[in-house]
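Enquirer: The sequence and its predicted three-dimensional model are supplied below.
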Amino acid sequence: MSTVHDWINNPLDVVVGLFAQRNSIPDWEKKVVEYFKDKLKLNDSHTWVPSLNDVPLHYLKPNSLVKFRCMVQDMFDPEFFMSVYEIEDPASNSTQVKCGKYKDVTECGVDFNSRNTVTSERQTFYCVPVPGESQRVLSLTARHCYAGTSQAKLVPSTSYIPNRQKRSYEEDDEMDTQPQQMNDVNKGSQSSVESQGNVEPKRQETQAPSQNSSPSHCTSSLDLNFPLPGEKGPACLVKVYEDWDRFKVNDVLEVYGILSVDPALSGVVDEKEVSSLIDPTEGMETVEEQRVHCPPASLVPRLHMLHAQPLVHNNPLLPSDLSSVLVELASVRAELLTFLTHVLMGDSLAAEYLIFHLISNVYSRRDVLPLGKFTLNLSGCPHGSPYSEHLFKVIQQLVPSSYRLSMSLHNMNKQSMVPRKDYTANRLVSGTLQLAKNTSLFLDETQLEQGQLDTTGVRNIAALGNLISWQKVDYDFNYHQMEFPCNINVLIASEGRSLLPSDCQVHLRPILNPPNLEEYLSAVLVAQVPSQLNKYRIYLSVARALEYTISEEITKAVEEDFVDMRKDDPQSISADDLHRLLVVARLFSLSHGQCTLSRDGWVKAKQLEDLRISRTQQQKRINGNEP
């Protein structure tokens, strides 16, 4: 009977063992996948599997079972490999049939003329960490996965110890000198979050430099193609052997597979070496394509997929049993409303709508119309003030994935937001808007200054408008554009009404006027104990995932109410107004843990909308020049 360490540390032994029984087990390949699926289900044994997200690559054993929480950034063309091959042993003058599955490199002495050779096909996904994922999520996931297990105390692999070229973080120095204390470092990062509340822990270095390359080679020659600027973490080539059609670009997955960092994969790294290996008459890959599709394994490891599951969310705090959480939703909502009211300087109406925004979700699409989206324009944010940045830091603490896009003239004109196809390198070059579902995108329009938008800037503004209105991004494939649907929560912070479209505008009306805004907001966030912040995080994830229905009785009552509202003045409310009112009523109900609309919920939603519209109209009269 195999132990946990057998199938985690040496998964290829399991594969070879079942391959040896292929004559008696015709579907041995399915048995391999079923074996690991069954093992991962037993007694939370998946928590024993090391994660590429949390453990530096040089601490992981080659050919061991690892997991990777990631987003599919690109899909390369399928590749052929020898799933079964025969080798010759000159010493014994005998032959052996070998399994080539879940490997990148075959053994020496392959008989290419053997009748036993079987050529198969596999797909390659280029995967990156979930863009904008909070450091808190990384720390919590690491703690949940490794606390109390022997896997928590990892030591560097003796068969793969790359030379360290660069130090980015203090924790990494400690890991090299005291690898057995790596788990304590993880816990230290978590305690930092818990003690300060508003400070993101430092991301541990999870990629190792190439053995044979210089730092400049790692940073300039190889673009890891992360969607967001400044992102760090491991990129990975995931080899998929079956049912790859069920995965799509931008899917968020948790992949379990066999880690491959064979030095032979790192041999082709520069143009001279590629040129010496390529015969132009054979029509092989270009230099650029070879560099992208075969990067050094020490920087971009290979992961041979045994099992993968799409992630509905990436909130590690969410329990499997939600019954206890549902009971407390209403009380947690009241506490969160108070907290956000303080953050918004006493504006409880804006806090209500901010909760609606944070739990909004595209739950369906009717033709081209995405249902459930709720882009919020929070106007009244002072221009050039640090307030919007601090507001984002609060939101960053509440959601698993987020990104703040400063809409400065420089960013609008220079930043690549729309992914594009590079046909020379045969890859999808990522852009800022290639984000995973349920990412919170904070557009800071208070940073926009006077100036001229160039062609890129106009294109970026149009892309943001399409994202907000239709929840889609048109990727640039040079000769045509391809629609990629998305599900991204967009919040626009602006001084006046945003130049971008939105589903709802709430003008901020502060009651408090703290002398030092930065100190005030930091104090508000720090005052929330870690357990309370965790309640908010769980609440938002649960409320977003709740199913919602409207009974026929309430539907009829809403229709009658709509007719009554239009009796005296048909122009007072339009079909668009009714749609927004229904969205607000839905979010109001879900925010209270109610999965259906009640008469009371409908009335309160109308009251909130009346207050919001009245405030917006007052602000227009005050400004005089607002549209």
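Expert: Yep, it's here.
Enquirer: so what pLDDT did Ser551 get?
Expert: Ser551 carries a pLDDT value of 95.
Enquirer: Let me see the contact set for it.
Expert: By C-beta atoms under 8 Å, 6 or more residues apart in numbering, the contact list for Ser551 reads Thr596, Leu597. All C-beta atoms are positioned from the backbone trio N, CA, C, and that covers glycine.
Enquirer: Also Asp77?
Expert: Thr124, Asn426.
Enquirer: From Cys504, how far off is it?
Expert: Distance, Asp77 to Cys504, using C-beta to C-beta, to the nearest Å: 44 Å.
Enquirer: now do Ser388
Expert: Distance from Ser388 to Cys504, by C-beta to C-beta: 18 Å.
Enquirer: ok, these two, which is more surrounded?
Expert: Counted by other C-beta atoms under 10 Å, Ser388 and Cys504 do not tie: Ser388 has more neighbours, with 26 against 19.
Enquirer: wait, the more buried one sits on Ala493?
Expert: Yes - taking C-beta atoms under 8 Å as the definition, Ser388 is a contact partner of Ala493 at 4.2 Å.
Enquirer: Next, the distance between the ends of stretch 362-378.
Expert: This stretch, stretch 362-378, spans 20 Å end to end (C-alpha to C-alpha, to the nearest Å).
Enquirer: buried stuff in it?
Expert: Val362, Tyr363, Pro370, Gly372, Lys373, Phe374, Thr375, Leu376, Asn377, Leu378 (16 or more other C-beta atoms under 10 Å).
Enquirer: which ones are touching the first one?
Expert: Residues near Val362 by C-beta under 8 Å, 6+ apart: Pro370, Leu371, Gly372, Lys373, Gln471, Asn487.
Enquirer: Help me confirm that it is found in a helix?
Expert: No - assignment of Val362 by DSSP: H, G, I helix; E, B strand; the rest coil gives coil, placing it outside any helix.
Enquirer: Distance check, the residue nearest the centre of the chain against Ala436.
Expert: What sits nearest the mean C-alpha location of the chain, by C-alpha atoms, centre = their mean, is Val130, with 2.7 Å. In this view, Val130 and Ala436 are 5 Å apart by C-beta to C-beta.
Enquirer: Now do the shared contacts for those two.
Expert: Joint contacts of Val130 and Ala436 (C-beta under 8 Å, 6+ apart) are Met71, Val252, Asn314, Ser401.
Enquirer: need these in TSV with pLDDT, can you?
Expert: Formatted as TSV, the shared contacts of Val130 and Ala436 follow (pLDDT from 0 to 100):
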residue	pLDDT
Met71	97
Val252	96
Asn314	87
Ser401	96
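Enquirer: Let me know the closest of those to Cys236.
Expert: Nearest to Cys236 among the shared contacts of Val130 and Ala436 is Met71, at 10.9 Å by C-beta to C-beta.
Enquirer: host element of the closest one?
Expert: In the assignment (DSSP states H and E), Met71 maps to strand 65-75.
Enquirer: May I have that strand as CSV, with CA atoms only?
Expert: The C-alpha trace of strand 65-75 is given here as CSV (Å, rounded to 0.1, in the frame of the first residue of the first chain):
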residue,chain,number,x,y,z
LEU,A,65,3.4,16.1,-7.6
VAL,A,66,2.7,19.8,-7.2
LYS,A,67,-0.3,22.1,-7.6
PHE,A,68,-0.7,25.5,-9.2
ARG,A,69,-3.5,28.0,-8.9
CYS,A,70,-3.4,29.9,-12.1
MET,A,71,-5.1,31.6,-15.0
VAL,A,72,-4.8,30.3,-18.6
GLN,A,73,-3.1,33.2,-20.3
ASP,A,74,-2.5,31.5,-23.7
MET,A,75,-2.9,28.2,-25.5
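Enquirer: Give me the contact list for whatever helix or strand comes next after that strand.
Expert: The helix or strand immediately downstream of strand 65-75 is strand 79-89, counting by DSSP H and E. Strand 79-89 is touched from outside by 94-101, 106-111, 114, 116-124, with contacts defined as C-beta under 8 Å, 6+ apart.
Enquirer: What residues sit buried inside strand 79-89?
Expert: Phe81, Met82, Ser83, Val84, Tyr85, Glu86, Ile87.
Enquirer: looking at this protein, which helix or strand does the model trust least?
Expert: Counting by mean pLDDT, DSSP states H and E, the weakest-scoring helix or strand in the chain turns out to be helix 215-216, with a mean of 36.
Enquirer: Identify each buried residue in the very next helix or strand once past that helix, please.
Expert: Remark: after helix 215-216, the chain's next helix or strand is strand 236-240, criterion DSSP H and E. Buried positions in strand 236-240, judged by neighbour count with 16+ other C-beta under 10 Å: Cys236, Leu237, Val238, Lys239, Val240.
Enquirer: Which neighbouring elements make contact with strand 236-240?
Expert: Packing contacts for strand 236-240, counted by 3 or more C-beta pairs under 8 Å, 6 or more residues apart in numbering; DSSP states H and E, involve strand 65-75, strand 118-128, strand 252-260, strand 302-310.
Enquirer: right, and those strands - which one's nearest Gln290?
Expert: Of the helices and strands packed on strand 236-240, nearest to Gln290 by C-beta to C-beta is strand 118-128, at 13.6 Å.
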